[in-house]
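Visitor: quick one, structure for this:
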Amino acid sequence: MDTMTIEQMNKTKDELGLTYRKISELSGVPFSTVQKVLGGITPSPRYSTVKALSDVLLYESRKNNPYATYHYSNYKYGEKPEKDKELVELVEEASPFLVHGSNAPLNKDYFTVEDYNNLGDDRRTELINGVFYDMAPPTIEHQLIVGRIWAAFSNFIAKSKGKCLPVMAPFDVQIKDDDFNMVEPDVMIICDKNKLCNNYVVGAPDLVVEVVSKSSISHDKIRKLNLYYESKVREYWIVDPTENEILVYDFSESDFKKYSYTFEDKVPVSIYDNKLKIDFKEIRTYVENMIRNE
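Guide: Below you'll find the model as predicted:
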């Protein structure tokens, strides 16, 4: 699916009842820029900005479409697969573009791990399919959730004398066998320690957890979902505290499965044969108590 036109984006915006402010929050594009682009004030907006807005509006418009499939399946978007197991909601290939706000050099079509390493330690950026994507600063709630999930993994592995390694961001992962992808998962479990280098991981972790923020919804639920599946991550969790939802994708076998939980549930960890369950009700209570102003 190519980028929407301005007319198509405005039509979708009106159909969904989205405001400029909401689109700005979802896309990470500044409110004034959204207003100028969709309002026709900017005659020739940057492609990166248009693509960022288009991605978000496509994502929002397809939330209730039951036939959104992986781009590398044998089906085109909207076609019904023969088997329900091949359905994965809200997934679409995202064309490469530079996210609004990136200060990466603009004289290259694709970037490499070397370019990524040259950005410096003070910039939170991910490289996916040769394109830089800026990462918003994490909130206190985000960090508390990430830390609690990591602690649950770490405690279980220690008590069971496991050999896998729980890792918490910031820690880079060169997830594919190429020079165009470097990501920074919120939490991951690595069982093959041969993948560990001095300051990053080479290859796919066994389990990845991403805690969604307002500005990373399409990034985590579309772009990185595709990347993790394609890279053979065994299990991927998307934790969305705003929507009170935890999506679990079990990619360990060809019959991949998707499960949905809430912050009232204990979520089983598939790579540990469900012997470990993360209590998200306890996590929510912990976070609320920690940030309560009393």
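Visitor: all contacts plus neighbour counts: C-alpha atoms, from now on.
Guide: OK.
Visitor: N244: how many residues sit nearby?
Guide: 13 (other Cα atoms under 10 Å).
Visitor: how near is it to I283?
Guide: Separation of N244 from I283 (Cα to Cα, to the nearest Å) stands at 12 Å.
Visitor: what do those two both touch?
Guide: Applying Cα atoms under 8 Å, 6 or more residues apart in numbering, one finds that N244 and I283 are jointly contacted by F263.
Visitor: pLDDT value on the nearest residue to S216 once chain neighbours are set aside, please?
Guide: Leaving aside its chain neighbours, S216 sits nearest to L26 (7.2 Å; criterion: Cα to Cα, 6 or more residues apart in numbering). L26 carries a pLDDT value of 82.
Visitor: what packs against the helix or strand bottoming out on mean pLDDT in the chain?
Guide: Ranking every helix and strand in the chain by mean pLDDT, DSSP states H and E puts helix 217-218 at the bottom, with a mean of 77. Applying 3 or more Cα pairs under 8 Å, 6 or more residues apart in numbering; DSSP states H and E, we find helix 217-218 packed against helix 20-27, helix 47-61.
Visitor: quick one: the ones you listed as JSON lines, columns for mean neighbour count and distance to K159 too.
Guide: Compiled in JSON lines, the helices and strands packed on helix 217-218 are given as follows (neighbours: other Cα atoms under 10 Å; distance: least, Cα to Cα, whole Å):
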{"stretch": "helix 20-27", "mean neighbour count": "19", "distance to K159": "40"}
{"stretch": "helix 47-61", "mean neighbour count": "20", "distance to K159": "41"}
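Visitor: flag the shaky bits of the stretch 151-294 of the chain, pLDDT-wise.
Guide: For the stretch 151-294 of the chain, applying pLDDT under 70 flags the ranges 255, 293-294.
Visitor: go again with 80.
Guide: Counting by pLDDT under 80, the ranges of the stretch 151-294 of the chain that qualify are 198, 214-218, 253-256, 293-294.
Visitor: tell me which stretches of it form helices.
Guide: Ranges of helices within the stretch 151-294 of the chain are 217-218, 224-230, 280-291, based on DSSP state H, counting those that start in this stretch.
Visitor: just say which of the ones you listed is most tucked in.
Guide: helix 217-218 (a mean of 22; mean count of other Cα atoms under 10 Å).
Visitor: contact partners of that helix?
Guide: L26, S27, D55, V56, Y59.
Visitor: JSON lines for those, including distance to S44?
Guide: Shown next, in JSON lines, are those (distance: Cα to Cα, whole Å):
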{"residue": "L26", "distance to S44": "22"}
{"residue": "S27", "distance to S44": "19"}
{"residue": "D55", "distance to S44": "18"}
{"residue": "V56", "distance to S44": "20"}
{"residue": "Y59", "distance to S44": "24"}
